[in-house]
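>>> Have a look; sequence and predicted model below, questions after that.
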Amino acid sequence: MLELEVKEMIIEVLQLEDITAADIDTEAALFVEGLGLDSIDALELGVALQKKYGITLSADSADTRRHFASVQALAAMIASHRTK
């Protein structure tokens, strides 16, 4: 399942040692509330997305903020990129 893959990537890339994939709510916010990630975490995830899926995102784009809203949003963006 792509959402599980995204959760595992987040844990691995950000070295969240005390969190499992089951601890991450698929629909919860990734930034501020929810996981409480910050802009440095977003950069690291962006690099990981580029390496793993070949997806390049613009840092200041409204679309990028929308894609990073939750695990569910990231998974949907990856899935749509795969079908192109």
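Yep, that arrived. Residues are numbered from 1 along each chain as shown.
>>> Just give me the neighbour total for the closest residue to E8 other than its chain neighbours.
Distances taken as C-beta to C-beta, 6 or more residues apart in numbering place A21 nearest to E8, at 5.6 Å, with adjacent residues excluded. C-beta coordinates here come from the backbone N, C-alpha and C atoms, glycine included. The number of residues packed near A21 is 17, by other C-beta atoms under 10 Å.
>>> need the contact list for A48.
Applying C-beta atoms under 8 Å, 6 or more residues apart in numbering, one finds that A48 lies in contact with M9, V13.
>>> Could you report the separation of it from I40?
The spacing between A48 and I40, counted by C-beta to C-beta, to the nearest Å, is 13 Å.
>>> what residues are shared contacts of these two?
Contacts common to A48 and I40, judged by C-beta under 8 Å, 6+ apart, are absent.
>>> Let me know the pLDDT of the residue most central in space within the chain.
In the chain, the residue lying closest to the centroid (C-alpha atoms, centre = their mean) is L74, at 5.1 Å. Per-residue pLDDT puts L74 at 94.
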